[in-house]
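1. quick one: sequence plus predicted model below, questions after.
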Protein chains: 2
Amino acid sequence: MLEKVDLTKKVSKEEYKAKMPQLEARLGRLQRECKSLGIPVLIVFEGFGAAGKGLQIGRLIQSMDPRGFEVHTIKNETEEERMHPFMWRFWTKTPARGRIAVFDGSWYRRVLIDRFEKRTKNKELPAVFHSINSFEEQLADDGNLVIKLFLDIDRKEQKKRFEKLEKNKETAWRVSQGDRERNARYDEYAAMMEDMLFQTDTDYAPWTIIESMDRRFATLKIYTTVIKAMADQIEKVQRQKEKKAAGRDEKAEDRQASEDGLIREIAKAADDEMRELQVSILSKADLTLSYTREEYKEKLDGLQKKIQKLHGELYRRRIPVVLGFEGWDAGGKGGAIKRLTEKMDARGYVVNPTASPNDIEKAHHYLWRFWRAMPKDGHVAIFDRTWYGRVMVERIEGFCTTEEWKRAYKEINDMEKDLYDAGAIVTKFWMHIDKDEQERRFKERQENPEKQWKITDEDWRNREKWDQYEDAVNEMLMRTSTDYAPWVVVEGNDKYYARVKVLQTVVDAIEERLKEK
Amino acid sequence: MLEKVDLTKKVSKEEYKAKMPQLEARLGRLQRECKSLGIPVLIVFEGFGAAGKGLQIGRLIQSMDPRGFEVHTIKNETEEERMHPFMWRFWTKTPARGRIAVFDGSWYRRVLIDRFEKRTKNKELPAVFHSINSFEEQLADDGNLVIKLFLDIDRKEQKKRFEKLEKNKETAWRVSQGDRERNARYDEYAAMMEDMLFQTDTDYAPWTIIESMDRRFATLKIYTTVIKAMADQIEKVQRQKEKKAAGRDEKAEDRQASEDGLIREIAKAADDEMRELQVSILSKADLTLSYTREEYKEKLDGLQKKIQKLHGELYRRRIPVVLGFEGWDAGGKGGAIKRLTEKMDARGYVVNPTASPNDIEKAHHYLWRFWRAMPKDGHVAIFDRTWYGRVMVERIEGFCTTEEWKRAYKEINDMEKDLYDAGAIVTKFWMHIDKDEQERRFKERQENPEKQWKITDEDWRNREKWDQYEDAVNEMLMRTSTDYAPWVVVEGNDKYYARVKVLQTVVDAIEERLKEK
């Protein structure tokens, strides 16, 4: 999940001042509602040292009624705690119904700092992750809202902050030897973070990454995340109550209905706010990148020859390859796949076009048809559109329920992990163009009799939902780009550039794997 | 789970012949209903070699419409299968909506035979279990019914069956070198089975142990298990449909209502049948066991001295101990706890009496109050009634939902595993008496002014639910007796015998642990 995080976004002082009062009022409002509905809330702050956990917690609780929450700072275990099972001190700190427990550090310590310092042994990790997930699932099943915030800063920024703290006599003590060590071995520690996120990003207790280079930005995103999560949970509990009341043939009270409206409004506002804060991975793509026709021809030729050779090597070494292509309509998937496979031995690859599921496919789990098409060892399977339809078109068109597409991130990560564990190279491409370029290509297709078949009314309809798709794509890239199956955003306004980048990425991935073995 | 299995139960030819026709008719009926509702069903047969998987599958499918099911025999991977990810061959065999897939062997092969033969490496196991659970959860979430049957026979019976097969030229080929090896190292293989059951006995895909020494008994239990699971799933789907219809303000059709009644009836009959088949762990207890007063005094004295010494040793070695006491009302919990602690240093143990939860406790997860009371290293925590209230009184009195108590087995196993992983000795006692003995003791309490406080109307009311409790206790003992936290059934009609057995068990458990370290 950390792979696609963009740490550059900032919020100005003016924007911050304009937005905060309303967010603070809303949070206060929601806290009271959680109290009256008896919803217990856990808010977990984790992340890199000096990312600002303490400061952000301070800002968050400013808007809360102090009689309704408690902050737990989790440091090294006390003598008493060390003499109990690890989860004991967290079980005993779980909030009562209607109360909020804020954790500055948490049970994740055991798979982060303790793991880094080898106090947690590698062989213990499976049991520890099992305990953590079991703990959170039990709380969620029991009606607790578990909000997990991961504060992210990069190595340089962390170093800068440590140095600033150290310079001041008043704050120097706050930087420990462990902090310095984790900064020195930042990548190693970040890999543990990534593993932790993979193992514990669940539908019952999902992680939200808080980009924390800019403190105002982080504060806004934390407030918005907490507000959204609370409003959703309140709505859920209200619906359950209404259903129960309906079951007893009672009428829901009027007050309830008006409350509903208010909470709904807050949830919707938080959605909009989140969209603004969402660091758009797509927006970072530099769409001016291009090649001249000559550059393109030369590069293409070289890469295709390489791929031809590597393809044979893959076959001999029995390494399977799974390549997924997604992207905007007219984003250039077809053209890239064509150049990729042009010089490959046709007996060694298959291109699977993915249309709407047929009746037999509909009679199975949505992943079934993709599992069937997975390549055998030494073969290459290319998917023109993929299983990610679940979290894009199916999500947006309502072909599946919210629960279903939310669950799908984990299901998909699990499938790709199975493929990786079986030795496969797995890479996914997002063919990215901007809205103007799409319009240009659509019109060109309409005007060119040879290409008219490629454009339908549906394409134009989808285009109207560009913003919705962009949100869904950004979330997808964030939640499903993993080190074992990364997403690659391909800057596609220039077709030459896009095709070369796809081929180059495939060549690099194969060469890297061949080196490993 | 295998620990408490009783393999001695038999069914006579007459009983078998009397019961089968109706079960067969019902299964056929339910298959048609699953088809019309579009419910996909997976039936997995696993267990020891020669336990009769093939034969039982043959008997099961006799009652099914052959157009609606498929049997998959899972042997060594073919060349084609070996060249795909492990789960590929199972994903591709998942049944379409409304169809039944029967697996003779399954994906569990990888954590059983393949593990035994070291084709699955130990370090791969966490990822493999993750894959298996993810696979089953995804199917269950998608509406599949996953029924898992584990056919259990003992080592001697297995050997006998192998020898019989080997004697006959026609069948000798069916016994492989691997079979013989697994029989020779039966205990080692059984431990892998137990680990598999712990890791994969989930609420979405639970295991049922089929005692398979007697083939007629096994057939009846398999039929009943499958019938019950199908009927429950059908009811669930029907309810969902009704809710949807109600949401659209449509009336459920009449046909639907009458179907409901029929399925309800079948489910209820299967419940009753299951109760008869349930191998009652409690009924195996020999309640005639007793000691004379002299024997008792002598043994008690010796054991108390030992415990006193061991208690000090536990303290020095910092080993925590958790002892849970459950049992029938008037079963002798108090007396046993008194004798156990009489000579122990009062600073090193605590007895926690468990009453109905108070308001603060009710405001938390049901395990919260027990977590709080867990002992620190070197201390002993004794619970007079325990967290098992969730699957007994709360289940029977409807203080929690069916979902909640079904989920609790795993939650409790997870908690006890956390304690064990933290170094604790965990043992649970069921103080067992028969109904007559309870009556005698109740009356004695009523008549003795000193003891009247010990007996309430509620005790008499609970007594009326003896059979319900017995079912719940049997299921609890089966699902939560683990090697890291075993249940001990204490034969309690004779108080002397019961007290000595409790003390002896505690002494043995501590001595064994001290030897390990």
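-> Nice, I can see it.

2. enumerate the residues of the stretch 51-200 of chain A near chain B.
-> A:80, A:82-88, A:91-92, A:94, A:96-98, A:124, A:126-127, A:130-131, A:134, A:138-139, A:141-142, A:144 (C-beta under 8 Å from any C-beta of the partner chain). C-betas here are computed from N, CA, C, even on glycine.

3. can you flag the buried ones in these?
-> A:83-88, A:91-92, A:94, A:96-98, A:124, A:126, A:130-131, A:134, A:138-139, A:142, A:144 (16 or more other C-beta atoms under 10 Å in any protein chain shown).

4. quick check: mean pLDDT of the helix or strand where A:K19 lies?
-> Assigned by DSSP states H and E, A:K19 belongs to helix A:13-37. Across helix A:13-37, pLDDT averages out at 95.

5. direction included, what does the helix or strand that comes right after that helix pair up with?
-> Using DSSP H and E, the helix or strand that directly follows helix A:13-37 along the chain is strand A:41-47. Each strand that pairs with strand A:41-47, with its direction, by DSSP bridges: strand A:100-104 (parallel), strand A:145-152 (parallel).

6. past the first one, which element shows up next along the chain?
-> Going down the chain from strand A:100-104, the next helix or strand is helix A:113-116, by DSSP H and E.

7. which stretches of chain A form strands?
-> Listed in chain order, the strands of chain A (DSSP state E) span A:41-47, A:69-73, A:100-104, A:145-152, A:207-211, A:321-327, A:349-353, A:380-384, A:425-432, A:487-491.

8. what does the stretch 351-500 of chain A put close to chain B?
-> Residues of the stretch 351-500 of chain A lying near chain B (C-beta under 8 Å from any C-beta): A:360, A:363-368, A:371-372, A:374-378, A:404, A:407, A:410-411, A:414, A:417-419, A:421-422, A:424.

9. distance from the helix or strand of chain A with the lowest mean pLDDT to the middle of the chain?
-> Lowest mean confidence among the helices and strands of chain A (mean pLDDT, DSSP states H and E): helix A:254-277, at a mean of 77. Averaging C-alpha positions (C-alpha atoms, centre = their mean, to the nearest Å) puts helix A:254-277 23 Å from its chain's average.

10. quick one: that helix to helix A:13-37, angle?
-> Calculated by axes from the mean of the first three to the mean of the last three C-alpha atoms, to 10 degrees, helix A:254-277 forms an angle of 150 degrees with helix A:13-37.

11. so which elements touch helix A:254-277?
-> helix A:13-37, helix A:215-247 (3 or more C-beta pairs under 8 Å, 6 or more residues apart in numbering or on different chains; DSSP states H and E).

12. closest to chain B out of the ones you listed?
-> helix A:215-247 (8.9 Å; C-beta to the nearest C-beta).

13. could you list the low-pLDDT ranges of chain A?
-> Residue ranges of chain A with pLDDT under 70: A:1, A:3-4, A:247-260, A:279, A:517.

14. go again using 50 as the cut-off
-> A:252, A:254-255 (pLDDT under 50).

15. I'd like to know how many residues surround A:E342.
-> 12 (other C-beta atoms under 10 Å in any protein chain shown).

16. my bad, should have said A:Q438
-> By the criterion of other C-beta under 10 Å, A:Q438 has 20 neighbours.

17. so how far is A:I266 from it?
-> Distance, A:Q438 to A:I266, by C-beta to C-beta, to the nearest Å: 35 Å.

18. rewinding a little: other residues contacting the least confident helix or strand of chain A?
-> With contact meaning C-beta atoms under 8 Å, 6 or more residues apart in numbering or on different chains, helix A:254-277 is reached by A:9, A:19, A:23, A:26, A:29-30, A:33, A:217, A:220-221, A:224-225, A:227-228, A:231-232, A:234-235, A:238, A:241-242, A:471.

19. pull out the buried positions in that helix.
-> Buried residues in helix A:254-277, defined by neighbour count with 16+ other C-beta under 10 Å: A:E259, A:D260, A:I263, A:I266, A:A267, A:A269, A:A270, A:E273, A:M274, A:L277.

20. and of those residues, the nearest to A:D286?
-> For those, the closest approach to A:D286 (C-beta to C-beta) belongs to A:L277, at 22.1 Å.

21. ok, back up a step: deepest of the helices and strands packed on helix A:254-277, which one?
-> Of the helices and strands packed on helix A:254-277, the one with the most neighbours on average (mean count of other C-beta atoms under 10 Å in any protein chain shown) is helix A:215-247, at a mean of 19.

22. next up, the contacts around A:K333.
-> Counting by C-beta under 8 Å, 6+ apart, A:K333 has contacts A:F325, A:E326, A:G327, A:D384, A:R385, A:F429, A:M431.

23. oh, that last question was meant for A:L220, not what I typed.
-> A:L220 sits next to A:V11, A:Y16, A:K19, A:M20, A:L23, A:E273, A:L277 when contact means C-beta under 8 Å, 6+ apart.

24. what about 7 Å?
-> A:V11, A:Y16, A:K19, A:L277 (C-beta atoms under 7 Å, 6 or more residues apart in numbering or on different chains).

25. ok, A:S290 next?
-> Contacts of A:S290 (C-beta under 7 Å, 6+ apart): A:D494, A:Y496, A:Y497.

26. quick check: the gap between it and chain B.
-> 39 Å (C-beta to the nearest C-beta, to the nearest Å).

27. ok, how many other residues are close to the residue nearest to A:M431 when sequence neighbours are not counted?
-> Once flanking residues are discounted, A:M431 sits nearest to A:G327: 2.8 Å by C-beta to C-beta, 6 or more residues apart in numbering or on different chains. The tally of other residues near A:G327 (other C-beta under 10 Å) stands at 21.

28. isn't A:G327 up against A:W430?
-> Yes: in terms of C-beta atoms under 7 Å, A:G327 counts as a neighbour of A:W430; the distance is 5.5 Å.

29. next, format the helices and strands packed on helix A:254-277 as CSV and append distance to A:R174.
-> Below are the helices and strands packed on helix A:254-277 laid out as CSV (distance: least, C-beta to C-beta, whole Å):
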stretch, distance to A:R174
helix A:13-37, 25
helix A:215-247, 16
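
30. which residues sit against stretch A:281-289?
-> By C-beta under 7 Å, 6+ apart, stretch A:281-289 touches A:4, A:6, A:432, A:434, A:470, A:473-474, A:477-478, A:489, A:491, A:493-494, A:497.

31. please apply the same query to stretch A:338-346.
-> A:300, A:304-305, A:307-308, A:311, A:349, A:351, A:382, A:499, A:502-503, A:506.

32. how about stretch A:465-480?
-> So stretch A:465-480 is contacted by A:1, A:4, A:275, A:278, A:280-282, A:388, A:391-392, A:395-396, A:409, A:412-413, A:430, A:435, A:487 (C-beta under 7 Å, 6+ apart).
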